[in-house]
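Participant: Sequence isn't available, so here's the structure alone:
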């Protein structure tokens, strides 16, 4: 069955941990947009949601840092962060293990991947899930992308992953959705934290919505670091979804710079 639902949204810890730090106007733009995305997700009646997010030294470190890792488990504990920090209760998110294994096998024909039955979910997955499926009943297939430690996967490889993932999903009988989770420009855990490059974010989002492969994959590592910060490497998750939805019309649900959350509150969806 063809892909049913596709979207991308930011996942900063402050969204759930410190929501009150944003202005009333910012919150009024951002959280209703997440609610609209939740309504679209619910109306899709998914059997499973494939989620693509970044590594944050939660599952991997410098001794072993795969470019792409598929979760194959029946369930995933999360969040890894303390509840007082993230304001999300610890739970077990159900996994779609059979689907995950089928997708991993199919994608592996075109893109080299790692896989794990012991992934732990951090804020990258749990913040979007908390806002989109708070009862944690939607089975997921988590895909962790190395957006953290060089050498990171080339942007063209991320695009290739998206295309391979779409072919694999379309060959399945389940109703499957796809969600990219991650920030655009941000400078986490550094003195510049809270800095946002709004112009860069807007230009990237336009390319994302239009599936402009050459534009999305043109950035060097140095350009991303300079213009979008160390957190800007998380565009890899967005590139996967743009590649997986070539030809679909994109829509921006929210584009609201929120320095208190250290990100631009970007939420977008694709009309599959």
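Facilitator: Structure's in. What do you need? What you are looking at is a predicted structure, and each value in this text was computed from that prediction instead of being measured.

Participant: now the strands for the stretch 1-150 of the chain?
Facilitator: 5-9, 48-54, 68-71, 75-78, 91-94, 114-116, 140-145 (DSSP state E, counting those that start in this stretch).

Participant: between these, which gets nearest to residue 262?
Facilitator: strand 48-54 (14.3 Å; CB to CB). In short, each C-beta sits where N, CA and C put it, glycine included.

Participant: contact partners of the closest one?
Facilitator: The contact list for strand 48-54 (CB atoms under 8 Å, 6 or more residues apart in numbering) reads 5, 11, 41, 96, 99, 103, 124-125, 128-129, 133, 138-148, 165, 169, 174-182, 233-234, 236-237, 240-241.

Participant: and the angle for that strand with strand 140-145?
Facilitator: Interaxial angle, strand 48-54 versus strand 140-145 (axes from the mean of the first three to the mean of the last three CA atoms, to 10 degrees): 20 degrees.

Participant: Centre of the chain to strand 48-54, how far?
Facilitator: 6 Å (CA atoms, centre = their mean, to the nearest Å).

Participant: What are the buried residues along it?
Facilitator: 48-54 (16 or more other CB atoms under 10 Å).

Participant: swap in stretch 81-92?
Facilitator: Within stretch 81-92, the residues that count as buried by 16+ other CB under 10 Å are 81, 86-88, 91.

Participant: Stretch 70-79 too?
Facilitator: By 16+ other CB under 10 Å, the buried positions in stretch 70-79 come out as 70-73, 76, 78-79.

Participant: now stretch 114-123
Facilitator: For stretch 114-123, the buried set under the neighbour-count rule, 16+ other CB under 10 Å, comprises 115-116, 119, 121-123.
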